[in-house]
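Asker: please find the sequence and the predicted model below.
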Amino acid sequence: IVRVQRGEIDAGIRDMGQARVWLQRSGDRITLGVIGHNLGKGEAIRGDYLQALLEFDRSIETFERFRVHDYLANSLYEKAELQLALARPAEAWETIRRADAFLPKLESDELASEVLSTKARVLLALGRLREAGDTLAALAARGVQDTDPRRLELSLRLHLARGQVAQ
(Lines give C-alpha, C1' and ligand atoms only; values in the text may rest on other atoms or scores of the structure.)
Protein backbone atom coordinates (compact mmCIF):
# COMPACT_ATOMS: atom_id res chain seq x y z
CA ILE A 1 0.00 0.00 0.00
CA VAL A 2 2.82 2.37 0.87
CA ARG A 3 4.54 1.59 -2.42
CA VAL A 4 1.38 2.52 -4.35
CA GLN A 5 1.07 5.73 -2.35
CA ARG A 6 4.69 6.57 -3.20
CA GLY A 7 3.97 6.08 -6.90
CA GLU A 8 5.54 2.62 -7.20
CA ILE A 9 2.24 1.26 -8.44
CA ASP A 10 3.35 -1.91 -10.21
CA ALA A 11 5.59 -2.94 -7.31
CA GLY A 12 2.86 -2.21 -4.77
CA ILE A 13 0.29 -4.22 -6.70
CA ARG A 14 2.78 -7.07 -7.02
CA ASP A 15 3.35 -7.00 -3.23
CA MET A 16 -0.39 -6.99 -2.53
CA GLY A 17 -0.83 -9.92 -4.92
CA GLN A 18 1.78 -11.84 -2.93
CA ALA A 19 0.06 -10.86 0.32
CA ARG A 20 -3.19 -12.18 -1.13
CA VAL A 21 -1.59 -15.58 -1.74
CA TRP A 22 -0.28 -15.75 1.84
CA LEU A 23 -3.60 -14.64 3.28
CA GLN A 24 -5.51 -17.23 1.26
CA ARG A 25 -3.31 -19.88 2.81
CA SER A 26 -3.81 -18.52 6.32
CA GLY A 27 -7.59 -18.23 5.95
CA ASP A 28 -7.76 -14.60 7.14
CA ARG A 29 -10.77 -13.61 5.02
CA ILE A 30 -11.23 -10.09 6.43
CA THR A 31 -7.64 -9.03 5.76
CA LEU A 32 -7.94 -10.68 2.37
CA GLY A 33 -10.88 -8.34 1.71
CA VAL A 34 -8.77 -5.37 2.79
CA ILE A 35 -6.05 -6.43 0.35
CA GLY A 36 -8.67 -6.71 -2.40
CA HIS A 37 -9.94 -3.23 -1.61
CA ASN A 38 -6.43 -1.80 -1.78
CA LEU A 39 -5.73 -3.70 -4.99
CA GLY A 40 -8.84 -2.03 -6.39
CA LYS A 41 -7.48 1.37 -5.46
CA GLY A 42 -4.09 0.52 -6.96
CA GLU A 43 -5.59 -0.77 -10.19
CA ALA A 44 -7.71 2.38 -10.49
CA ILE A 45 -4.58 4.51 -10.12
CA ARG A 46 -2.83 2.35 -12.70
CA GLY A 47 -5.78 2.81 -15.07
CA ASP A 48 -7.00 -0.79 -15.16
CA TYR A 49 -10.57 0.15 -14.30
CA LEU A 50 -12.15 -3.21 -15.07
CA GLN A 51 -9.72 -4.97 -12.72
CA ALA A 52 -10.32 -2.27 -10.10
CA LEU A 53 -14.07 -2.86 -10.25
CA LEU A 54 -13.53 -6.62 -9.93
CA GLU A 55 -11.29 -6.15 -6.90
CA PHE A 56 -13.83 -3.85 -5.24
CA ASP A 57 -16.57 -6.41 -5.93
CA ARG A 58 -14.50 -9.16 -4.30
CA SER A 59 -13.85 -7.07 -1.21
CA ILE A 60 -17.52 -6.04 -1.04
CA GLU A 61 -18.57 -9.69 -1.16
CA THR A 62 -16.18 -10.56 1.68
CA PHE A 63 -17.24 -7.65 3.88
CA GLU A 64 -20.92 -8.43 3.28
CA ARG A 65 -20.42 -12.06 4.20
CA PHE A 66 -18.71 -11.18 7.48
CA ARG A 67 -20.85 -8.09 8.20
CA VAL A 68 -17.91 -5.73 8.51
CA HIS A 69 -19.93 -2.55 7.97
CA ASP A 70 -17.21 0.12 7.96
CA TYR A 71 -15.03 -1.81 5.51
CA LEU A 72 -18.07 -2.59 3.38
CA ALA A 73 -19.16 1.05 3.22
CA ASN A 74 -15.59 2.05 2.40
CA SER A 75 -15.36 -0.34 -0.55
CA LEU A 76 -18.82 0.67 -1.77
CA TYR A 77 -18.08 4.39 -1.75
CA GLU A 78 -14.70 3.87 -3.44
CA LYS A 79 -16.39 1.76 -6.12
CA ALA A 80 -19.05 4.45 -6.60
CA GLU A 81 -16.30 7.07 -7.00
CA LEU A 82 -14.72 4.94 -9.73
CA GLN A 83 -18.06 4.39 -11.46
CA LEU A 84 -18.65 8.14 -11.38
CA ALA A 85 -15.20 8.77 -12.89
CA LEU A 86 -16.10 6.28 -15.64
CA ALA A 87 -19.25 8.33 -16.43
CA ARG A 88 -21.57 5.67 -15.04
CA PRO A 89 -23.68 7.76 -12.65
CA ALA A 90 -26.64 5.35 -12.62
CA GLU A 91 -24.37 2.49 -11.53
CA ALA A 92 -22.66 4.79 -9.03
CA TRP A 93 -26.08 5.64 -7.60
CA GLU A 94 -26.92 1.98 -7.01
CA THR A 95 -23.56 1.46 -5.32
CA ILE A 96 -23.62 4.55 -3.10
CA ARG A 97 -27.19 3.81 -2.02
CA ARG A 98 -25.90 0.56 -0.58
CA ALA A 99 -23.17 2.40 1.34
CA ASP A 100 -25.65 5.04 2.50
CA ALA A 101 -27.78 2.33 4.12
CA PHE A 102 -24.92 1.66 6.56
CA LEU A 103 -24.56 5.27 7.77
CA PRO A 104 -26.31 4.62 11.11
CA LYS A 105 -24.00 1.66 11.80
CA LEU A 106 -20.67 3.28 10.87
CA GLU A 107 -18.13 3.79 13.62
CA SER A 108 -16.05 6.30 11.67
CA ASP A 109 -17.40 9.83 11.25
CA GLU A 110 -14.80 10.46 8.54
CA LEU A 111 -16.04 7.46 6.56
CA ALA A 112 -19.64 8.63 6.97
CA SER A 113 -18.60 12.03 5.60
CA GLU A 114 -16.92 10.38 2.60
CA VAL A 115 -20.05 8.34 1.89
CA LEU A 116 -22.22 11.46 2.07
CA SER A 117 -19.81 13.45 -0.11
CA THR A 118 -19.82 10.74 -2.76
CA LYS A 119 -23.60 10.52 -2.55
CA ALA A 120 -23.83 14.27 -3.18
CA ARG A 121 -21.44 14.00 -6.17
CA VAL A 122 -23.53 11.21 -7.68
CA LEU A 123 -26.77 13.11 -7.14
CA LEU A 124 -25.26 16.18 -8.81
CA ALA A 125 -24.17 14.04 -11.76
CA LEU A 126 -27.72 12.72 -12.04
CA GLY A 127 -29.16 16.25 -11.89
CA ARG A 128 -31.04 15.52 -8.66
CA LEU A 129 -30.27 18.92 -7.14
CA ARG A 130 -32.78 18.98 -4.30
CA GLU A 131 -31.51 15.64 -2.99
CA ALA A 132 -27.92 16.81 -3.41
CA GLY A 133 -28.79 19.83 -1.26
CA ASP A 134 -30.35 17.55 1.35
CA THR A 135 -27.17 15.46 1.37
CA LEU A 136 -25.05 18.57 1.89
CA ALA A 137 -27.29 19.43 4.84
CA ALA A 138 -26.66 15.91 6.21
CA LEU A 139 -22.90 16.58 5.91
CA ALA A 140 -23.33 19.74 7.96
CA ALA A 141 -25.43 17.84 10.52
CA ARG A 142 -22.56 15.36 10.89
CA GLY A 143 -20.30 18.23 11.88
CA VAL A 144 -18.48 18.75 8.58
CA GLN A 145 -17.44 22.41 8.72
CA ASP A 146 -18.29 25.03 6.09
CA THR A 147 -14.55 25.32 5.42
CA ASP A 148 -14.08 21.61 4.66
CA PRO A 149 -12.81 21.33 1.05
CA ARG A 150 -15.29 18.58 0.16
CA ARG A 151 -18.21 20.60 1.41
CA LEU A 152 -16.97 23.78 -0.28
CA GLU A 153 -16.57 22.00 -3.62
CA LEU A 154 -19.97 20.35 -3.43
CA SER A 155 -21.66 23.59 -2.42
CA LEU A 156 -20.01 25.36 -5.34
CA ARG A 157 -21.08 22.65 -7.77
CA LEU A 158 -24.64 22.75 -6.43
CA HIS A 159 -24.84 26.55 -6.78
CA LEU A 160 -23.49 26.35 -10.32
CA ALA A 161 -25.93 23.58 -11.25
CA ARG A 162 -28.76 25.74 -9.94
CA GLY A 163 -27.49 28.73 -11.93
CA GLN A 164 -26.74 30.64 -8.73
CA VAL A 165 -23.48 32.10 -9.96
CA ALA A 166 -23.42 34.98 -7.46
CA GLN A 167 -23.41 32.56 -4.51
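Answerer: Received, thanks. Residues are numbered from 1 along each chain as shown.

Asker: make it CA atoms for all contacts and neighbour counts henceforth
Answerer: OK.

Asker: packing partners of the helix-or-strand element of the chain with minimal mean pLDDT?
Answerer: In the chain, no helix or strand scores lower on mean pLDDT, DSSP states H and E than helix 2-5, which sits at a mean of 80. Other helices and strands packing on helix 2-5, by 3 or more C-alpha pairs under 8 Å, 6 or more residues apart in numbering; DSSP states H and E, are helix 9-26.

Asker: state the number of residues packed around residue 123.
Answerer: Residue 123: 23 surrounding residues under other C-alpha atoms under 10 Å.

Asker: my read is that it contacts residue 131, right?
Answerer: Yes. Shown here, residue 123 and residue 131 form a contact pair, counting by C-alpha atoms under 8 Å, at 6.8 Å.

Asker: which neighbours do these two share?
Answerer: Overlap of the contact sets of residue 123 and residue 131 (by C-alpha atoms under 8 Å, 6 or more residues apart in numbering) is empty.

Asker: surely residue 113 meets residue 148?
Answerer: No. Using C-alpha under 8 Å, residue 113 is not in contact with residue 148; the gap is 10.6 Å.

Asker: higher neighbour count, those two?
Answerer: Remark: of residue 113 and residue 148, residue 113 carries more neighbours, 21 against 9, as counted by other C-alpha under 10 Å.

Asker: contact partners for the more buried one?
Answerer: 139, 142, 144.

Asker: secondary structure element for the last one?
Answerer: Put plainly, it is residue 144. Assessed by DSSP states H and E, residue 144 sits outside every helix and strand.

Asker: how close does it get to residue 98?
Answerer: Distance of residue 144 to residue 98, given as C-alpha to C-alpha, to the nearest Å: 22 Å.

Asker: returning to what we had before: check which residues of the least confident helix or strand of the chain are buried.
Answerer: For helix 2-5, burial by neighbour count (16 or more other C-alpha atoms under 10 Å) applies to 3-4.

Asker: what does it rub up against?
Answerer: Applying C-alpha under 8 Å, 6+ apart, the contact partners of helix 2-5 are 9-13, 42.

Asker: how about 6 Å then?
Answerer: With C-alpha atoms under 6 Å, 6 or more residues apart in numbering as the test, helix 2-5 has contacts from residue 12.

Asker: and the helices in this protein, which stretches?
Answerer: For the chain, the helices defined by DSSP state H cover 2-5, 9-26, 29-46, 49-65, 69-85, 89-100, 109-125, 129-141, 149-161.

Asker: figure out how far the shortest one is from the centre of its chain.
Answerer: So that's helix 2-5. Taking the mean of its C-alpha atoms, helix 2-5 sits 18 Å from the chain's own mean (C-alpha atoms, centre = their mean, to the nearest Å).
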